[in-house]
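# Could you look at this predicted model? Sequence included:
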Amino acid sequence: MKSDRRQVHDWNIAGDPLGQSGLLSSKFSLQQIALVNELTEVMAKTVAKTVKVVASGGSDNETLILVRRGIAEQSSFYSNLGDVSHAIDGRRNGNFGDGRCTHTVLETSPWWRVNLRATYAISSVVVYNRQDCCDDRLNGAEIRVGDSPDVSEHVKCGTIEETYPGSVHTICCHGRRGQYVSVVLPNQLQYLTLCEVEVYGEAIDQSMEYGSADI
Ligand SMILES: [Ca+2]
């Protein structure tokens, strides 16, 4: 049994969380340890699967970028209720009156953009439309990615079509690189309202891992 204790000890040194939590003791046999190892492996696979579900906006390799740490701006100010930051507040609520959506004034080619503060390879952008009314205002909105604040210089990833109340639109950007993501209603006299914008992608600089940007 001495060898059993040494194996448990070594396993604990390797940093296994079950060992650190004291669930194991020296009285376990090698067979019991093997069983716990197997269960731990199953648990790890379950956790990995859960993470993939959370990032279900695209492929296994992409990550939800923390746009909430970015700088959001839009073409005009409508009211505090429609503040520009409401597109990246983490709330998908589509009722404008709840103060979770943006709103511009009625103008030609209204736009919204977020500065991600670093360059990313953008895989997809998910846009949550207003639910309480006026969903068709978002028809024709272009999702763009670029490296300058000027949204007219951004490259289009795709266009939002076939809206309905509370519609959710996933636009693929195919890894297009940029520091800015924008939503533009080109050549339309319209209001622009966004209830949430989620950006998926990967940091170009590997030192800028998910959530580690110094911002
Ligand atoms: Ca929101």
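Noted; the coordinates are in hand. Note that the structure is predicted; figures quoted are calculated from it, not measured.

# Can you tell me what sits against stretch 145-157?
73, 111, 113, 115, 119, 122, 125, 142-144, 171-174, 176-182, 184 (C-beta atoms under 8 Å, 6 or more residues apart in numbering). From N, CA and C alone the C-beta is placed, and that goes for glycine too.

# Next: stretch 178-187.
Stretch 178-187 is touched from outside by 67, 108-120, 122, 125, 127, 137-138, 140-149, 151, 154-155, 192, 194, 197, 199, with contacts defined as C-beta under 8 Å, 6+ apart.

# which of those are buried?
Among the contacts of stretch 178-187, those classed as buried by 16 or more other C-beta atoms under 10 Å are 67, 110-120, 122, 125, 127, 137-138, 140-146, 151, 154, 192, 194, 197, 199.

# Which members of the contacts of stretch 178-187 are positioned in strands?
Members of the contacts of stretch 178-187 lying in strands (criterion: DSSP state E): 108, 111-120, 122, 125, 127, 142-146, 155, 197, 199.

# Enumerate the residues of this structure near the ion.
Proximity of the chain to the ion, by C-beta under 5 Å from the ion, involves residues His86, Asp89, Arg91, Arg100, Glu196.

# can you do 6 Å?
His86, Ala87, Asp89, Arg91, Arg100, Cys195, Glu196 (C-beta under 6 Å from the ion).

# For burial, what's the neighbour tally of the third one?
Using other C-beta atoms under 10 Å, the number of residues around Asp89 comes to 18.

# Quick check, it in contact with Arg100.
Yes. Asp89 is within contact range of Arg100, at 6.3 Å (criterion: C-beta atoms under 8 Å).

# A strand includes Asp132, no?
No. Applying DSSP: H, G, I helix; E, B strand; the rest coil, one finds Asp132 to be coil, outside a strand.

# Give me the pLDDT for the nearest residue in space to it that is not next to it in sequence.
Taking C-beta to C-beta, 6 or more residues apart in numbering as the measure, Asp132 lies nearest to Asn95, with 4.7 Å between them; neighbours along the chain are not counted. Reading off the confidence values, Asn95 has pLDDT 98.

# Please work out how many residues are found near Asn95.
Asn95: 14 surrounding residues under other C-beta under 10 Å.

# for the protein, which spans come out with low pLDDT?
The chain contains residues with pLDDT under 70 at 1-62, 205-215.

# Could you break it into its assigned domains?
As assigned by automatic domain parsing, the chain contains the domains 2-54, 63-203.

# of all those, which gets the most neighbours per residue?
With neighbours defined by mean count of other C-beta atoms under 10 Å, none of these is more surrounded on average than domain 63-203, at a mean of 19.

# My read is that Asp132 contacts Pro165, right?
Yes. Look at Asp132 against Pro165 with C-beta under 8 Å: they come within range, at 7.4 Å.
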